[in-house]
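*Asks:* predicted model follows, preceded by the sequence.
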Amino acid sequence: MKESSMSKLCSLKEAIAQNVHDGDCVYAAGFTHLIPFAAGHEIIRQGRKDLTLARATPDLIYDQMVAAGCAKKVIYSYIGNPGVGSLRIIRSALETGRLEFEEYSHFGMISRLQAGASGLPFMPMNQTAATDLERANPQYKRVTDPYSGREVVVVPALTPDVAIIHVQRCDERGNAHIWGILGEQKEAAFAAKRVILTAEEIVPEEIIRSDPNRTLIPEFVVSAVCHVPYCSHPSYTQGYYDRDNAFYLEWDKISETPESVQAWLQEWVYGVADRDEYWQKLGSETHQRLSVPPLYAAPVNYGEY
Amino acid sequence: MKESSMSKLCSLKEAIAQNVHDGDCVYAAGFTHLIPFAAGHEIIRQGRKDLTLARATPDLIYDQMVAAGCAKKVIYSYIGNPGVGSLRIIRSALETGRLEFEEYSHFGMISRLQAGASGLPFMPMNQTAATDLERANPQYKRVTDPYSGREVVVVPALTPDVAIIHVQRCDERGNAHIWGILGEQKEAAFAAKRVILTAEEIVPEEIIRSDPNRTLIPEFVVSAVCHVPYCSHPSYTQGYYDRDNAFYLEWDKISETPESVQAWLQEWVYGVADRDEYWQKLGSETHQRLSVPPLYAAPVNYGEY
Amino acid sequence: MATCTASELMTVHAARLLRDGDVVFVGVGLPNLACNLARRTHAPNLVMIYEAGVIGARPARLPLSIGDPTLVTRATSVCSMYDIFTLYLQRGNVDVGFLGGAQIDRFCNINATVIGDYDHPKVRLPGSGGSMEIAGWANRCYIMTPHQKRRFPEKVDFATSAGFLNGRAQREAAGVRGGGPQAVVTNLGFMEPDENGELVLTALHPGVTVEEVKTNTGWDLKVAGNLRITEPPTEDELRLLRELDPQRIYLS
Amino acid sequence: MATCTASELMTVHAARLLRDGDVVFVGVGLPNLACNLARRTHAPNLVMIYEAGVIGARPARLPLSIGDPTLVTRATSVCSMYDIFTLYLQRGNVDVGFLGGAQIDRFCNINATVIGDYDHPKVRLPGSGGSMEIAGWANRCYIMTPHQKRRFPEKVDFATSAGFLNGRAQREAAGVRGGGPQAVVTNLGFMEPDENGELVLTALHPGVTVEEVKTNTGWDLKVAGNLRITEPPTEDELRLLRELDPQRIYLS
């Protein structure tokens, strides 16, 4: 077998078609940074149904997917439009009971992923003295520390069917460099049964191997590798483009009525073939506004051993 | 208060005098890489006694410290001269009962540090089916997974009195960049009550801040910062110098008799004032032999946000 | 005395509560402004950490979300969220946390989850995020919030984050490492927990009356014997603060 | 037939057990040579990972310790030891582990801890290192060791790593994820576990007799019905292998 035969490069359309199925539990990772909006939009275009959308911070992408009818359940720890306010669509779907949910604190949510990523059945957490959420969500349980006799709080492993992870650069096998805010990217990748990687740049293996400490996701947990520049707009990719704060504010208005949401989906999701078309449609003024001057890390010498 | 007043720079002699006390539990971290030999030698010179020496792989440094009479106990998961064979001094001290010990597997040892670093009382591990060590070491216990009813194996947090961590570069407050094999450097630093940082280079804060994802240890867990080039010889520092395999082989011979060990300690530890003198004494041929041509990581753009 | 808005008043007073060298778990908005103001005045060595995993941020512009890229560029360190909550917060490396919520009660318990019943709420709020653990494990916690009766009920509908539960002894029995809330800073004054963990009025901003505070509090608020009048913001503090948010996104 | 040393013979046969694409938990010495030989022959996509936290190593020289810097330069990834044991091994991302020890018994349990009693041993061995968990959780495990009676007792003095305990059912009852040892490669032939987990002789190297193997095994070794004779190392395999260790540090 030739090494090049291990390439997992494919279009995002193919990657979603092959790896995201109706009823799956999906973890589209990212904490404000690197949110894979393009993948969410492709899932909407392909009309997936009954998904469980898991993620610490659902952000606009899950609001849009819920609006498009993709979801039957959310698992979360903070439902807000970061820096703006409420996620109107998810909130309303939760308040009216149209959407099932499971709620954690950030640490509970991330501990579930850490357990899943580690192959452990649960993770322990120290008590916080606040027990109402523990009582409201029966997934929270307690275990006695055999050393002190005191109780710790535990949450069960989360192992999503598929994680979608956006990265700055990776090789065509899926070895990925990530920098900037890491959120739960690594944990989601290891916890999931399948991983779709979207990348700003596909680079030669040698670039990845020049800085192995920067590689947070290794090829053998990755199912598909997609070259999707600007994948995270209106979120951002550190070093590549800025966060589009204006759009986060705009969504607060758009999401006020179902009509304007559907119109937006029609124009920006159903109405475009892929992320390239979306990005072109945003126009040069937006491109200009979100561009960022370079600022490089100090050199690091690994040595020619 | 001026920012410069937060400098923790001091000599290794001062750092050891202030932070390592008779009877302390010491974790001199490193997995083959970055082993802080200079700090071990300074502890020997200062005549510390009754130390508990904890570390996954005791390596030559703990063999030397035991030979010098610094230790009353070792906590370990593999006692060997890496790539060579046995650690004769520790092994003999264990076999004759002159040294107390606690033994784990690597994962058990590292899980103890992870628990200590995380502020958790214990960490769970899946069963391995091998239960003899669990029976031999009562620190291993079991807890029932409340989700499946099956048992997991647990180990208690390890929180050493002091961790000694060698790094490639840090600023004078103790924010440290590390690359190459990471071993348990980060976990040991967060688990310990005090941290002595030794560094190949003390760099301006701006170098550290140019690549925040490379900073594994933050200033506020660090007690002392020491500029100690070549601190890890005969171990190595990735990108700075090579491992002195010849010395690892030589130690196997030296450690055959107490006389040759004491002669070696006399010449290379008691007989030198500090690491500078030790390194000069090694001579230019050794310096030459351990030098490494540079090989740099691909650039990383954080963006001027 | 310089005139200022309610937000400016609360932010200046929150900044003064921070000590030089404090490691502070920061959110966006007013807490971020308070920390940056403290750094520019009496606490140059303040370390700001964010639940996104950023340590020692040096934002060159006003961060508009908790994961703004300006928090990363020039930061001291970036780690995973799991590390932030374990190595930093749970391990006890965080001195100060800022908390907020829709309701804060007599014993300083905080609700950021639901108004009404959990399963059939009137309003579903954003949820805990990091606050459940911050409230439990940071050494000291502070709350900044406008003083309105609906925000200060006798008892929260849902205790997302622990203040002193039904009294300080109950929090202590839970064995959490953090000291709990130290003060609630409002546009009217300060409330601080007494020896039993009950919030009592300890200071009034100049010109505010006890009656005004009581009217805007949902329980029979006790007043401290040594009730203070706060020192108003200085010109310098206001100038520095306004420079941090020139478009008055948070200070309005 | 090319002549070769016992180490070369074992290493070539171990290499052949590896499959293209396997993720292998490697040690230094012969397992490292076997993996690199497999990469240069039938398994170019083999991924080598090391307990030090190195993934996808491409050593340019023979690594002389498990933490040799040549394993890092040009590797795919480097992570902490905690991550290697959790995200990689415990999560089930490791296909193959190589194991070794002072004693291997009838049910392929391995002793790397003590000869004699744990508290008062005749010899204290290096200990588990990573092997307790590798034996439990890697999908397949292989053992390479010279065939000597003292290395193959009926029962190990201490079970550092689990083979099949007192029989395969017992391992299965413990619920460990890995499949356990698949083969023991010696200088005389192969032993493989039968349906009960007992090691039986399944292959002889050319010129070796069953009697010779039995004499060097500490229990009454069963012989498989379909006993094979192994294919000797090819000239190519030996040439490539010797290039990997030109100074014959491990192949001696």
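*Replies:* Structure received.
*Asks:* going forward, measure contacts between C-alpha atoms and count neighbours the same way
*Replies:* Fine.
*Asks:* by contact count, what packs against the biggest helix by length in chain A?
*Replies:* In chain A, with assignment by DSSP state H, the single longest helix is helix A:106-118. The elements that helix A:106-118 packs onto, with contact taken as 3 or more CA pairs under 8 Å, 6 or more residues apart in numbering or on different chains; DSSP states H and E, are strand A:122-125, strand A:151-156, helix A:185-191, helix C:81-83.
*Asks:* recalculate using a threshold of 6 Å.
*Replies:* Packed against helix A:106-118, as judged by 3 or more CA pairs under 6 Å, 6 or more residues apart in numbering or on different chains; DSSP states H and E, are the following elements: strand A:122-125, helix A:185-191.
*Asks:* most tightly surrounded among those?
*Replies:* Highest mean neighbour count of the helices and strands packed on helix A:106-118: helix A:185-191, a mean of 28 (counted as mean count of other CA atoms under 10 Å in any protein chain shown).
*Asks:* what residues does that one touch?
*Replies:* Residues from elsewhere that reach helix A:185-191 (CA atoms under 6 Å, 6 or more residues apart in numbering or on different chains): A:29, A:113-114, A:116-117, A:159, A:163.
*Asks:* mind running it again at 7 Å?
*Replies:* Outside helix A:185-191, the residues that touch it by CA atoms under 7 Å, 6 or more residues apart in numbering or on different chains are A:27, A:29-30, A:113-114, A:116-117, A:158-160, A:163, A:165, A:195, A:216-217, A:221, D:87.
*Asks:* any of those residues buried? List them.
*Replies:* Restricting these to buried positions leaves A:27, A:29-30, A:113-114, A:116-117, A:158-160, A:163, A:165, A:195, A:216-217, A:221, D:87, with burial counted as 16 or more other CA atoms under 10 Å in any protein chain shown.
*Asks:* dump the longest helix of chain A to CSV, restricted to CA.
*Replies:* What follows is helix A:106-118, C-alpha atoms only, in CSV (Å, rounded to 0.1, in the frame of the first residue of the first chain):
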residue,chain,number,x,y,z
HIS,A,106,-19.4,23.7,31.5
PHE,A,107,-17.2,21.6,33.7
GLY,A,108,-19.8,18.8,33.7
MET,A,109,-20.1,18.9,29.9
ILE,A,110,-16.4,19.0,29.4
SER,A,111,-15.9,16.2,31.9
ARG,A,112,-18.3,14.1,30.0
LEU,A,113,-16.2,14.6,26.9
GLN,A,114,-13.0,14.0,28.8
ALA,A,115,-14.4,10.7,30.1
GLY,A,116,-15.5,9.7,26.5
ALA,A,117,-12.1,10.7,25.1
SER,A,118,-10.2,8.8,27.8
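*Asks:* ok and that helix relative to strand A:151-156, angle-wise?
*Replies:* Inter-element angle recorded for helix A:106-118 and strand A:151-156: 60 degrees (by axes from the mean of the first three to the mean of the last three CA atoms, to 10 degrees).
*Asks:* in a markdown table: the helices and strands packed on helix A:106-118, plus mean pLDDT and distance to residue D:208.
*Replies:* Compiled in a markdown table, those are given as follows (pLDDT from 0 to 100; distance: least, CA to CA, whole Å):
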| stretch | mean pLDDT | distance to residue D:208 |
| --- | --- | --- |
| strand A:122-125 | 98 | 51 |
| helix A:185-191 | 98 | 46 |
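*Asks:* so for the longest helix of chain A, what's the average pLDDT?
*Replies:* Across helix A:106-118, pLDDT averages out at 98.
*Asks:* other residues contacting that helix?
*Replies:* Outside helix A:106-118, the residues touching it (CA under 7 Å, 6+ apart) are A:56, A:76-77, A:121-123, A:155-159, A:187-188, A:190-191, C:82, C:85, C:129-130, D:86-87, D:90-91.
*Asks:* follow-up on the earlier one: list the ones among the contacts of helix A:185-191 that fall in strands.
*Replies:* Using DSSP state E, the members of these that fall in strands are A:27, A:163, A:165, A:195, A:216-217.
*Asks:* between these, which sits nearest residue A:68?
*Replies:* residue A:27 (17.2 Å; CA to CA).
*Asks:* what's near enough to touch the closest residue to the closest one other than its chain neighbours?
*Replies:* Counting by CA to CA, 6 or more residues apart in numbering or on different chains, residue A:27 lies nearest to residue A:163, which is 4.6 Å off, once chain neighbours are set aside. Neighbour list for residue A:163: A:26-29, A:188-189, A:192, A:194-196 [criterion: CA under 7 Å, 6+ apart].
*Asks:* rerun at 10 Å
*Replies:* Contact analysis of residue A:163 by CA atoms under 10 Å, 6 or more residues apart in numbering or on different chains lists A:19-20, A:25-29, A:54, A:185, A:187-197, A:222-223.
*Asks:* secondary structure class for residue A:268?
*Replies:* Following DSSP: H, G, I helix; E, B strand; the rest coil, residue A:268 is assigned to helix.
*Asks:* confidence score at residue C:230?
*Replies:* 98.
*Asks:* ok, the spatially closest residue to it that is not a sequence neighbour to residue C:233 distance?
*Replies:* Leaving out its chain neighbours, the residue that sits closest to residue C:230 by CA to CA, 6+ apart is residue C:205, at 5.1 Å. For residue C:205, the distance to residue C:233 equals 10 Å [CA to CA, to the nearest Å].
*Asks:* overlap of the contact sets of the two?
*Replies:* Common neighbours of residue C:205 and residue C:233 (CA under 10 Å, 6+ apart) are C:9-10, C:13.
*Asks:* tell me where chain C has helices.
*Replies:* C:6-17, C:30-40, C:69-72, C:81-83, C:131-137, C:168-173, C:210-215, C:235-244.
*Asks:* what is the longest one packed up against?
*Replies:* For helix C:6-17, the contact count by 3 or more CA pairs under 10 Å, 6 or more residues apart in numbering or on different chains; DSSP states H and E identifies helix C:30-40, strand C:140-144, strand C:181-185, strand C:189-193, helix C:235-244 as packing neighbours.
*Asks:* ok, residue A:212 touching residue D:77?
*Replies:* Yes. Counting by CA atoms under 10 Å, residue D:77 is a contact partner of residue A:212 at 4.0 Å.
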